[in-house]
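>>> Here is a sequence together with a model predicted from it:
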Amino acid sequence: MFISIWLMLAGTAFGQIDIGGLADFELRKGGTDSDPTVNQTPNDKWLIYTPSIRLFVNAPISDNWFVSGALQSDYYTGSRSEIFFSSFNINWLAAENFKITAGRFTTPFGRTDELLLSSNNPFVHLPLSHVWNMPVNQQRGYFFGESSYDGVPGQSLVYRRMYSQGVKLTGATENERFQYELAATLTGVSSYTDVGEQNLPAFIGRMELRPVIWSKIGISFGRGAYLLDDPINDVLSDKERAGYRQTIVSAHTEFSYSYYQLLFQYTFNRWDSPWIDPDGQLVQEHLDNDVAHYLAKFKMRFPFWVGGYGAIRYERYIPKELTLDSLNITGKPTPDKDRFEVVAGYKLNRNILLKVSYLLSKNKGMELKDDVFAIQLSAGF
């Protein structure tokens with residue numbers, strides 16, 4: 001049915017449909033504390049598997065209208081997911097440098113253009129902002145002890161699959177020195193829902209300025225409700241549930257010269273959250289779950305090896321202390337983390353990228369065995 005719909009759309013326009021794909025093949029070995037929400041590794045065994053497969057489809061309707069979509073299967077919760085639409089949207093090219101998108105699309109936050117697809121990411125792993133989960137979920141807000149949402153405990157600052165649902169505006173100046181994406185979505189940057197559950201949308205956006213050819217400056221923001229209507233949070237009214245929001249801002253600057261690229265990024269995130277216990281009782285009305293994330297990246301293309309490069313990324317992840325009044329406890333919900341990733345890559349041809357990576361993590365106060373060695377082959381088709 002899916003193919004027939006696309007062919008009908010294409011047949012009414014140009015009589016053609018563009019289909020492509022991307023598959024990742026990996027060999028990896030993680031430490032004994034490996035987990036998808038820790039280091040994107042399902043377990044501590046030697047693994048040979050395909051962590052992500054995508055099929056892209058683009059169907060023109062007219063000169064200014066087209067439909068775009070992506071089918072995907074991945075290891076988001078540690079086992080192979082069913083095939084689903086990670087993207088499905090209709091687009092109107094209203095002007096040469098202005099587009100309106102409606103449906104499910106890539107979340108316009110941060111450096112998604114680099115992180116979403118392995119073929120564009122110089123590293124094997126996503127940064128901590130997209131992987132490390134805090135004890136805040138869409139059902140109970142803050143939780144103390146064990147909890148889960150759809151099998152995934154808590155939330156990362158940015159939803160790891162990096163897609164949202166809503167309406168998005170994309171534009172640029174004539175010389176493309178300034179570009180922007182602005183979106184109204186169903187929920188905040190850290191979460192996802194298929195249907196609207198709030199009377200007000202979340203707002204997400206990113207802007208990037210290239211003042212000179214060798215430098216970029218980018219700013220991203222997001223603010224919106226993230227709690228979903230669920231029996232366990234019936235203690236809250238619809239208005240109260242909508243009043244708990246995620247606020248996140250990020251800024252980065254990038255410098256490029258010859259074979260070298262250097263990037264610095266800072267992200268601040270706050271979940272204003274209730275604390276609801278497993279019995280649905282409101283233990284504490286407001287907690288500010290704050291996180292600061294620092295990132296630095298250096299990449300060098302090898303002048304002596306065409307298609308080869310080396311890169312290193314350093315991150316520091318710092319949650320703020322919380323005070324749990326009912327338990328008379330003050331402390332950090334998760335430990336500070338330092339993480340390094342070192343990678344060497346080689347582009348075998350236009351569509352195949354090979355990477356060898358080592359991920360090294362240090363966790364203050366609670367050391368985890370979560371280092372990872374990985375070899376990844378990204379193949380486009």
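Thanks, I have the structure now.

>>> remind me, longest strand of this protein?
When the chain is parsed with DSSP state E, its longest strand is strand 282-301.

>>> Quick check: mean pLDDT of it?
When the per-residue pLDDT values of strand 282-301 are averaged, the result is 95.

>>> Which positions in that strand come out as buried?
When burial is assessed from 16 or more other Cβ atoms under 10 Å, strand 282-301 yields the following buried residues: 283-284, 287, 289-291, 293, 295, 297, 299, 301. No exception for glycine: its C-beta is placed from N, CA and C like everyone else's.

>>> And the pLDDT for G145?
Reported pLDDT at G145 in the predicted model: 65.

>>> quick check, nearest of the buried residues of strand 282-301 to S191?
Of all the buried residues of strand 282-301, the one with the least separation from S191 (Cβ to Cβ) is N289, at 13.4 Å.

>>> any idea how far that closest one lies from V306?
N289 sits 47 Å away from V306 when distances are taken as Cβ to Cβ, to the nearest Å.

>>> Hmm, E341 is touching V124, no?
Yes - E341 lies in contact with V124 (Cβ atoms under 8 Å); the separation is 7.3 Å.

>>> Which residue ranges of the stretch 1-150 of the chain form helices?
Assigned helices in the stretch 1-150 of the chain, in chain order: 2-11, 36-39, 112-115, 128-131 (criterion: DSSP state H, counting those that start in this stretch).

>>> which intervals of the stretch 151-300 of the chain have sub-threshold pLDDT?
Counting by pLDDT under 70, the ranges of the stretch 151-300 of the chain that qualify are 151-152.

>>> Would you map the helices across it?
238-243.

>>> ok, which stretches of it are strands?
All strands of the stretch 151-300 of the chain, identified by DSSP state E, counting those that start in this stretch, fall at 163-172, 178-185, 202-212, 215-225, 245-257, 260-276, 282-301.

>>> roughly how far out does the shortest one sit from the chain middle?
Distance, stretch centre to chain centre, for strand 178-185: 16 Å (Cα atoms, centre = their mean, to the nearest Å).

>>> and what of the longest one?
Taking the mean C-alpha point of strand 282-301 and that of its whole chain, the gap between them comes to 13 Å (Cα atoms, centre = their mean).

>>> How about the contacts made by the closest residue to S273 other than its chain neighbours?
Ranked by Cβ to Cβ, 6 or more residues apart in numbering and with sequence neighbours excluded, the top spatial neighbour of S273 is G141, at 3.5 Å. With contacts defined as Cβ atoms under 8 Å, 6 or more residues apart in numbering, the neighbours of G141 are 227, 233, 244, 271, 273-276, 287.

>>> Right, I'll call it a day here.
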